[in-house]
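Undergrad: Fold the stuff below for me.
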Amino acid sequence: MGDDPAHLYRLDGVAHIAGVINDEPQRCIRSMRRQQGMRLDDRYVPYLQMAGLYHLARLNERWFRLDEALVSAFVERWRPETHTFHMPFGECPITLQDVAYQLGLPVDGRYVSGCLSEFHLYIQGGRPAWVWFQELLGVVPPPCQVQKYAVNCSWFQETFGECPDGADDETVRRYARAYIMMLLGTQLFGDKSGNRIHIRWLPYVARLEEMGTYSWASAALAWLYRCMYQVLTELLSGSHLGLSLSPLANK
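TA: Next up is the predicted model:
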C-alpha cells in the first residue's frame, strides 16, 4: 500500500467507498440474506448438538441487523492476495478463531469437500440426487420449485416449517435434516440468490451422527473468503449484486 495515506482510499484505481459513503449510497452492497423461517423444535436439538450446529441454530432465532454501509466499506478494503482488510492502522483478517468463537462451530475434524462447488460430480456413480432427496426427506419438490439442484426456500418452509405433534423418530429425523439444510444454505453458506437451498448437503444430513466430525468453522471461513473475492471482483467491474455473507458480517 505504501506510506501515502491517500492510497488507503483507493483500490485498483477505484475511489474507496469510505471517502464517499455519505454521498454515494448506491455503492452500498445490499443484503439478500434471508432469515430462516423454520421454527427450532426442541426435538431437533440432539441432532444439532451432534452436528456442532446448535449454537448457530440458537443465533438464528434472533434477527441480525446488517450494517450495509459498514460491510461495503470493509469489502472494498479486502485484498484477495492476502485475505485481509487493509485498514488505516494496518491489516486485519477474519480468523478461524473468530468463526469458532462467534458461531460456536467446530474447528477440528474432516474438511467439507468438493460437493460445495461440484455437486453434480460428487453424486456421479451413486443414486440419482432427487431419489436420494426423497429417501432422506420423504418428499420431492414439484418442478416449479426447483432450479437445477436448488429448491426454493418458500417450499422448504411450507413443507418442513412445523414438525407434527406426536411424530415418530424417523419423521423427526427428516424434519431435522430439512432444518439443518435450511440452516446451512441460508445462514452459513448462502449465495446471492437469497431464496434457494442447494441440495449439496444431502451427503451430510444422510449421516446426522457424523456431521459433528467435520470442521464447519473452516468451511464457513473459506466460503466467506470466496464470497468476498466474488463481491470485490464485481464491484470493481461495475456490477451490482446482493451480498450474502455469513452471520459474521451481522450485528
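
Undergrad: my guess is Ala100 meets Trp216, correct?
TA: No. Look at Ala100 against Trp216 with Cβ atoms under 8 Å: they stay out of range, at 9.4 Å. Heads up, the C-betas are built off the backbone N, CA and C, glycines and all.

Undergrad: who has more neighbours, these two?
TA: Taking neighbours as other Cβ atoms under 10 Å, Ala100 and Trp216 compare with Trp216 leading, 26 against 20.

Undergrad: From Val172, how far out is that one?
TA: 22 Å (Cβ to Cβ, to the nearest Å).

Undergrad: ok, now which ones touch the spatially closest residue to Trp155 that is not a sequence neighbour?
TA: Computed as Cβ to Cβ, 6 or more residues apart in numbering, the closest residue to Trp155 that is not its neighbour in sequence is Gln145, at 4.1 Å. Gln145 makes contacts with Val151, Asn152, Ser154, Trp155, as judged by Cβ atoms under 8 Å, 6 or more residues apart in numbering.

Undergrad: try 7 Å
TA: Val151, Asn152, Trp155 (Cβ atoms under 7 Å, 6 or more residues apart in numbering).

Undergrad: between those residues, which is closest to Leu221?
TA: Nearest to Leu221 among those is Val151, at 25.8 Å by Cβ to Cβ.

Undergrad: looking at it, that closest one is touching Ile197, isn't it?
TA: Yes. Counting by Cβ atoms under 7 Å, Ile197 is a contact partner of Val151 at 5.1 Å.

Undergrad: Can you pick out the residue with more neighbours from the two?
TA: Using other Cβ under 10 Å as the criterion, Val151 and Ile197 rank with Ile197 on top: 27 against 24.

Undergrad: Need the three-state assignment for that one.
TA: Three-state call for Ile197 (DSSP: H, G, I helix; E, B strand; the rest coil): strand.

Undergrad: any idea how far Arg79 is from it?
TA: 32 Å.

Undergrad: try Met228
TA: For Met228, the distance to Arg79 - Cβ to Cβ - is 10 Å.
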